[in-house]
Every structure is written in C-alpha cells, then in structure tokens.
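Asker: Structural data only, the sequence is not supplied:
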C-alpha cells in the first residue's frame, strides 16, 4: 500500500483553501478590505494570488498602476523635481506644496500609496474632487 504522503497522492492545499477553512465561507479582499464569500473571487485569483486575493469588483483594476507626475510650475521653490517630474524632493525645512500635472482619477477603485524618505516633520496630503 502507498503512503498517503506519496508524491502522487498528496498535494499541499492552496492558500485560498486554507483561508476558507480558517474564516468559514468569507475571505478578505486585499484591495478593498471587505469580506466576501469565496464565490465572489475570480477563479484565477483563488488559484494564483494567495493572501493577496482581489474580489470580482477589484480584480479588473489590479495591475493598472499609474505614477503621479508633479507639476513643474505649481510647486513651492523648496521642492525640486527629478526623474522627469515623477520624484519631488524637499530642499529646505518649511511649509511647501506640489500639485500633480495630470487629470485626477474619477472612476474605479483607487488606492493611493506614498513613498516618503528622510522626513522629520508633519505631512498633509490632500485630494480634491475639483
């Protein structure tokens, strides 16, 4: 008789299967952070993305990443732009601002991620509808 752990008869469970086992029928969407039944997740998400599953609503927007380009005119003098306007650096410690040089996002699921380095003061990020 073959052992149950013989390579042809034993396979490790998918992470999505473990999530269903741990949390019942509901799984947390890694994009919108809402819990949904595992039936609300596309099959390819369940098979391929492990803990980073996206629900059927969020999955179409996955991998549609756009970097913001900063406006070369509408910024403080204390801000210098590098990498063709995609990187803004502060050169003095005071109040400063910088606006983007593109149309705002008006539809879809939006996640804003900021990468800040070497800071020692407060931040104020603002998003405006107009």
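Answerer: All right, it came through fine. Computed from a prediction, not measured in an experiment: that's the story for all the values here.
Asker: so what's the closest residue to residue 85 other than its chain neighbours up against?
Answerer: With sequence-adjacent residues excluded and distances taken as CB to CB, 6 or more residues apart in numbering, residue 85 is closest to residue 69, at 4.6 Å. C-beta here means a position set from N, CA and C on the backbone, and glycine is covered the same way. Going by CB atoms under 8 Å, 6 or more residues apart in numbering, residue 69 touches 84, 85, 86, 100, 101, 102.
Asker: Which ChimeraX command selects the buried ones in the residues you listed?
Answerer: Applied in ChimeraX, the following selects the buried portion of the contacts of residue 69 according to 16 or more other CB atoms under 10 Å:
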select :85
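Asker: Among the contacts of residue 69, which lie within strands?
Answerer: residue 100 (DSSP state E).
Asker: returning to what we had before: how near is the residue nearest to residue 85 to residue 117?
Answerer: 19 Å (CB to CB, to the nearest Å).
Asker: circling back: in the contacts of residue 69, find the pair that's most separated.
Answerer: Maximum pairwise distance among those (CB to CB): 13.7 Å, between 84 and 100.
Asker: The residue nearest to residue 85 and residue 55: what is the separation?
Answerer: With CB to CB as the criterion, residue 69 and residue 55 are 30 Å apart.
Asker: Run through who's touching the lengthiest strand in the chain.
Answerer: Looking across the chain with DSSP E, the single longest strand is strand 70-75. Contacts to strand 70-75, defined as CB under 8 Å, 6+ apart, come from residues 79, 81, 85, 86, 87, 88, 96, 97, 98, 99, 100, 101.
Asker: so what's the last one closest to, chain neighbours aside?
Answerer: Read that as residue 101. residue 71 is the one closest to residue 101 (CB to CB, 6+ apart), at 3.9 Å.
Asker: shaky segments in this structure?
Answerer: 1-16, 20-24, 65, 104-115, 119-130 (pLDDT under 70).
Asker: how about the helices of it, start to end?
Answerer: Here the chain has its helices, by DSSP state H, at 15-23, 43-48.
Asker: how far does stretch 73-88 stretch from start to finish?
Answerer: 13 Å (CA to CA, to the nearest Å).
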